[in-house]
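1. Can you look at this prediction? I've put the sequence above it.
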Amino acid sequence: MIPEIAVWSIYFVPVSAFLLNVLLFRGSTVAGRVTIAAISYAWGMSLWALQSALAMGGESVGFEPHTWLEFGELVVEFGVHLDGLSAMMLVVVTSVSLLVQIYSTAYMHGDTGYARYYAYMALFTSAMLGLVLASSILQLFIHWELVGLASYLLIGFWFDRPAAAAAAKKAFIVTRFGDFGFMLAVIAIWANTEGHFDIAHINEMAEHGELAASALTGITLGIFMGAMGKSAQFPLHIWLPDAMEGPTPVSALIHAATMVVAGVYLLARMFPTFHSAPEGVSTFIAYTGAFTAIFAASMGLVMTDVKRVLAYSTVSQLGYMVMALGLGGYVAATFHLFTHAFFKAMLFLGSGSVNHATNTFDMRLMGGLRKSMPITFWTFLIGSFSLAGWWPLSGFWSKDEILLDAWHEDKFLWVVGTLVAFMTAFYMFRAVFLTFFGEYKGGAEPEHGASHSTGHHGPHESPPSMAYPLIILAVPSIIIGWFTVGGFGDFVQGALPLDLRHHPEPEPLVVVASLAAAIGGTGLAAAIYLGGTPSPARLLAMFRPVHGVIANKYYMDVIAEDGIIRTGLHRGLGRGLQLFDTWVVDGAVNGVAFAARMAGEGLRRTIFGQPQAYTSAFLMGTITIVGAILVLGGSALEALQSLRP
């Protein structure tokens, strides 16, 4: 059984790599080796943790938390949590991260920010590992924010490019909307659980009915808001495609395999709490995921940038996972999270390999690359088959688990999911045919200062440090479904109460429809982009208005940036607050000052500095008082006497 200190080291060794790179290896290529060594260690320890979790049947290993802060009634405990779900995530994070770091040694070679890149990568990996291992919701939230910080730094890594700087800000700001809801949920948890932050304790309270329905609704919706931001669910999905401005290995690690599934992982960790919430919460989650899946898939159909095709594919597949969790498909969602991480990371790294050879991500400037880039072609093809759900690759098994849950729980969502499967197969093989088939269209000129450009030597296969990670990732993309389809469910459900463990009955129609969708989408893409029947140009002419709307992302950026931010917040709320500050707040303060100044001006004029004037005023006052007494009689005298102390 793995000792607690070894589990903690999975987190602290990458943290140490980040500190070493920042303090000692700035500007040095040693930074890459330090990060790779640290993550290699974390990967080895994660395998040990996985073995220990398997020995426990996926149940919690049972480490005691440690008191970190005690202030009156507030007691904050930090600890590590290891069960089937967290052990699986540890292996995913460290495996993909290690391969991405190795790939990056060639992709980022010669970049002036090489050491900074590896420092940021070490920071991200350690933050993600801390999120996965966290035993308390507050500890998880802290690392949740650290993951967001690392994502901001890596998206805007080439900060001298305006598009990259804008994308980093957009990702940071959009996800803050979701994180605000998550923060409110953490506060609500503290207020309704007598100060407990332990995730297992929160789940037990929810399961035993110790939380009021209203509190439970608020907590679960707040947590889901956080998941919507990190996992790019509608309408907080708009940051993820723009995040492709960062280096391609960043896209493979953060925005395909690890960070974006943090929201799905959070929902899975809190599954008993969500299961205990009013039914409307689960319905809302399921339909949000389903809408996100088909909405993002439609944009993948028309994108010409291969990385953006993959980005919208990621959003769509995350929608699949969220839909499954809303339907109670805990195993299906986590299984798809597991398989998707490997083949989607491979696809992103494949797009980086293509860019390395052609200096572009625009598929209209590619074509014919299968001859000059055989390793990239075959691995990209394997990833596309797996993502499209072709039997017997890994994506088939996990996607069908989701569709099976939808069939049993909500037939409408099953129809939506099957349609998304058809669209996924179409846009992925559209990308394959445009990139690797036909004639090479010349690529693009290298950007000034690009570290990974190939100059004018023509397309060629990437160096071994980029090619080998593609080959390694192809293996789980092919076979991992076969090895995990049987025992995966029991393993990841080991820490769940018995009444929440779920095994849907097989349904042949679901399998047939799923395979038909995969074959149909692939066949249609081949007919259009290989056979030219109908030609892409003719299709574009027929559907130009619809194509324009989808290609412009349904004008969601315009609505968000021009409508909500510039008009609603800046010109509307911001201008209103400015007017309130100017005329009400400043007016009240300035008005008091003006009144005091005017009173002072009036009194100042009564001060002449001449004794005879003061004597005359005193005499006039005395005469006035005496005259009043004589006129008013005894009542005035009594009034004056009453004023005496």
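-> Looks like it came in fine.
2. In the protein, where is pLDDT below threshold?
-> Low-confidence segments of the chain (pLDDT under 70): 447-457, 484-486, 605-609, 632-645.
3. Break down the stretch 251-400 of the chain into its helices, ranges please.
-> 262-269, 271-276, 279-300, 306-326, 330-358, 369-372, 374-388, 394-409 (DSSP state H, counting those that start in this stretch).
4. Would you format those helices as a markdown table with mean neighbour count and distance to Ser214 included?
-> Yep, even glycine has a C-beta here, placed from its N, CA and C like the rest. As requested, those are exported to a markdown table (neighbours: other CB atoms under 10 Å; distance: least, CB to CB, whole Å):
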| stretch | mean neighbour count | distance to Ser214 |
| --- | --- | --- |
| helix 262-269 | 26 | 20 |
| helix 271-276 | 22 | 13 |
| helix 279-300 | 21 | 12 |
| helix 306-326 | 28 | 20 |
| helix 330-358 | 27 | 25 |
| helix 369-372 | 17 | 57 |
| helix 374-388 | 24 | 41 |
| helix 394-409 | 26 | 25 |
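5. would you turn those into a markdown table with distance to Leu603?
-> Below are the helices of the stretch 251-400 of the chain laid out as a markdown table (distance: least, CB to CB, whole Å):
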| stretch | distance to Leu603 |
| --- | --- |
| helix 262-269 | 67 |
| helix 271-276 | 68 |
| helix 279-300 | 66 |
| helix 306-326 | 71 |
| helix 330-358 | 77 |
| helix 369-372 | 89 |
| helix 374-388 | 83 |
| helix 394-409 | 81 |
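6. between the ones you listed, which one is nearest to Ala55?
-> Across the helices of the stretch 251-400 of the chain, Ala55 has its closest neighbour in helix 330-358 (19.4 Å, CB to CB).
7. Could you tell me the angle between the closest one and helix 262-269?
-> Here helix 330-358 runs at an angle of 170 degrees relative to helix 262-269 (axes from the mean of the first three to the mean of the last three CA atoms, to 10 degrees).
8. Any figure for the gap between Ser28 and Leu540?
-> Per CB to CB, to the nearest Å, Ser28 is found 50 Å from Leu540.
9. I meant to write Ser86 there.
-> On the measure of CB to CB, Ser86 and Leu540 end up 47 Å apart.
10. Tell me which of the two has more neighbours.
-> Ranked by neighbour count (other CB atoms under 10 Å), Ser86 and Leu540 place Ser86 first, with 28 against 13.
11. Residues contacting stretch 183-192, please?
-> Residues outside stretch 183-192 that contact it (CB atoms under 8 Å, 6 or more residues apart in numbering): 137-138, 141, 196-197, 202, 211-212, 215, 218-223, 225-226.
12. Report the buried residues of that stretch.
-> Across stretch 183-192, burial judged by 16 or more other CB atoms under 10 Å covers Met183, Leu184, Ala185, Val186, Ala188, Ile189, Trp190, Asn192.
13. Surely Val75 is in a strand?
-> Yes. Judged by DSSP: H, G, I helix; E, B strand; the rest coil, Val75 forms part of a strand.
14. ok, it touching Thr67?
-> Yes. Contact criterion CB atoms under 8 Å: Val75 and Thr67 qualify, at 6.4 Å.
15. Looking at these two, which one has more neighbours?
-> A count of neighbours by other CB under 10 Å puts Val75 above the other of Val75 and Thr67, at 13 against 10.
16. mind checking how far that one is from Ile187?
-> Distance from Val75 to Ile187, counting by CB to CB: 16 Å.
17. Can you report how many residues lie near the closest residue to Arg161 other than its chain neighbours?
-> Distances taken as CB to CB, 6 or more residues apart in numbering put Glu245 closest to Arg161, at 7.0 Å, once the chain neighbours are dropped. Around Glu245 there are 23 other residues, counting by other CB under 10 Å.
18. Tell me which residues touch Glu245, please.
-> Glu245 makes contacts with Ile155, Gly156, Trp158, Arg161, Ala163, Ala164, Ala166, Ala167, Ala168, as judged by CB under 8 Å, 6+ apart.
19. so which of the residues you listed comes closest to Phe291?
-> Nearest to Phe291 among these, with distances taken as CB to CB, is Ala167, at 24.1 Å.
20. The closest one contacts Trp158, doesn't it?
-> No. With contact defined as CB under 8 Å, Ala167 and Trp158 do not form a contacting pair (10.1 Å).
21. list the residues that contact both of the two?
-> By CB under 8 Å, 6+ apart, Ala167 and Trp158 have these common neighbours: Glu245, Gly246.
22. ok, now which ones touch Val302?
-> His547, Ile550, Ala551.
23. Got a quick PyMOL command for the buried subset of these?
-> This is how PyMOL selects the buried members of those, with burial counted by 16+ other CB under 10 Å:
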select buried, resi 550
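24. before we move on, the earlier item: could you export the buried residues of stretch 183-192 as TSV, including distance to Ala513 and secondary structure?
-> Shown next, in TSV, are these (distance: CB to CB, whole Å; DSSP: H, G, I helix; E, B strand; the rest coil):
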residue	distance to Ala513	secondary structure
Met183	42	helix
Leu184	41	helix
Ala185	37	helix
Val186	41	helix
Ala188	41	helix
Ile189	41	helix
Trp190	46	helix
Asn192	43	helix
